[in-house]
Structure formats: C-alpha cells, structure tokens
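Undergrad: Fold the following.
(one chain, ligands or ions: 1)
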Amino acid sequence: METSFIRETVVFKIAYFFSVSLLIFCGISSGSPPKDPFWDLREKMVTHQIIARGIKDLRVIEAMRKVPRHLFVPEDMRGSAYDDRPLPIGEGQTISQPYIVAFMTEALHVSPGDTVLEIGTGSGYQAAVLAEIAKEVYTIEIRPRLGERARERLNGMGYGNIAVKIGDGYKGWPEKMPFNAIIVTCAPQEIPKPLVDQLAEGGRMIIPVGERGGVQELVLVRKEKGMIRQEAVMKVLFVPMVTDEGITAR
Ligand code: SAH
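TA: Got it, this is the predicted structure:
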C-alpha cells in the first residue's frame, strides 16, 4: 500500500514536471515573438520621416517598416540607426538617410516581378529594401571589404533574392541585363552609358550626377520606346563613384 502510494506520488511528480515543462516550452515557442527592441524607433521613423514627407507607395512604406536598419550600421551606432541622417559604415562611406532610400525606391516604381540593379552596395540596406519588393536584386560594390560584409549580412538575414558582386559598377552587370530598374547610390560626373544600355524597355533609373565635391542632381532616367528621357528631381549629396583603383573620379 505504502510502496504503491510512493510510486504513484513519484509518477505524479514526474508527469507534473513534464507537463509544466511542456507548458513553459509551448508558452515560449508559440507566444508572441521576442519584441524587436528597435521596433518603436523604426515605426517613428516611418511615420515622421517617410509618410509625413509624402512617400505614398505602400510597398515602399511596408519595406521601410520591415527592414531592420540597425543591423546595417556599426554596432556602436545602432542607437542612431533610425535618425534622420546618413551614418558612417566604414572606409569613408555612408548608409543613406532613410528618407532618401524611400524617395529613390519610390521613384523607381518597383513591382514584385522586377529585376533591379544597384550600384554601390555599401551596407546592403538599400538592396534589402528593394529585395522586399522586387523579384531579384543585383548589387555591385567596388570596395571588397564592404561588399563581402554586406553579402554575409544579407545571406545571414535570409535574403535569397540578392546577389552581391565585387567590381566596378560603372560597367553594370551585362550578364544579368535587362533591368527594369537601376539605382545608383554613388555619384558619377555623368550618366554611365553601359547602365543606360542595360535598362529594359520601360525601365527606370535613379542616379545622382555631379562634379566631385559638389552638390549633385538626382536624375530620373526613363527608357520609353527606345527613347531616353531625363528629369532632375532633387539636389543631393552622395559619395563619388570611383574607378577600379578606388581613387580617380569619373
Ligand atoms: N546603398 C548603400 C550606400 C551606398 S554608399 C547602402 O544602402 O548602405 C556608396 C557606395 O558606393 C560605397 O560603398 C562605395 O564604395 C560604392 N562605390 C563607389 N564607386 C563605385 C563603383 N564604381 N562601383 C560600385 N560601387 C561603388
């Protein structure tokens, strides 16, 4: 009697232990996901810097809401990741201000079936925003260390539709042409002809153009029935486009 009571108690305790553990386990695994500590800052950025300034494309707004910008800046700058300004990303380069990323993405009218080319991968943030909307994103970075870091970061985050190439983006990526949209995030002194050639019919390109050291004109280029149309849309300040040697301006 006594032995069987003890045995039952032990069995009960074991069963109790497992059911409590299971509850705790289920509670953790099926409850709400751990809250992104930057979620609030990102929401504020979208409300005050993106929507309030006139960005209307819902796909762009959703992408800006989703991509964790703090993971694209150096660790000691994470607290400033959602500020209304560009930030240094190493090697004298910068990640663009959130509004500029949204403005350029909206100007390209990217749709879900589109193939997009980016020149100037930098941190990979702009590529990630594009990849939330487009089918495929091809991005070229001339500084090997920045390009490799961006590639690792984007792979680690699960972006399977972005390909990063290390090289001179002036020449574009002829093997993957034509592109429905091209975005250039470094400034050449004139629009590179290879990029215009690699635009698809009906394609759009957004590109800052200007003398080294000066303010540039953000130009929207459209290819319609083989004709090229250009429209200056805003004054901007981007890092210069450099050549393979990484020193000479174009
Ligand atoms: N789009 C980036 C920011 C770009 S900063 C982001 O979201 O973080 C501009 C980048 O253009 C720099 O990383 C710079 O190294 C790169 N760059 C400059 N000249 C280039 C060229 N000829 N081809 C490709 N990348 C170039």
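
Undergrad: Please identify the residues of the protein in proximity to the ligand?
TA: Residues of the chain lying close to the ligand (C-beta under 6 Å from any ligand atom) are 89, 93-96, 119-120, 122-123, 125-126, 140-143, 146, 168-170, 185-186, 239, 241-242. All C-beta spots, glycine's among them, are computed from the backbone N, C-alpha and C.

Undergrad: Flag the shaky bits of the protein, pLDDT-wise.
TA: 1-34, 245-250 (pLDDT under 70).

Undergrad: what about residue 64, how many neighbours?
TA: Look at residue 64: counted by other C-beta atoms under 10 Å, it has 23 neighbours.

Undergrad: Roughly how far does the closest residue to residue 192 other than its chain neighbours sit from residue 198?
TA: Nearest residue to residue 192 in three dimensions, chain neighbours excluded: residue 170, at 4.8 Å (C-beta to C-beta, 6 or more residues apart in numbering). Per C-beta to C-beta, to the nearest Å, residue 170 is found 11 Å from residue 198.

Undergrad: Could you do residue 110 as well?
TA: In terms of C-beta to C-beta, residue 110 sits 16 Å off from residue 198.

Undergrad: Which one of these two is surrounded by more residues?
TA: Taking other C-beta under 10 Å, residue 110 and residue 198 do not tie; residue 110 has more neighbours (26 against 21).

Undergrad: Go ahead and confirm the more buried one touches residue 134.
TA: Yes - between residue 110 and residue 134 there is a contact under C-beta atoms under 8 Å: 5.1 Å.

Undergrad: helix/strand/coil for residue 205?
TA: At residue 205 the chain is in strand, as set by DSSP: H, G, I helix; E, B strand; the rest coil.
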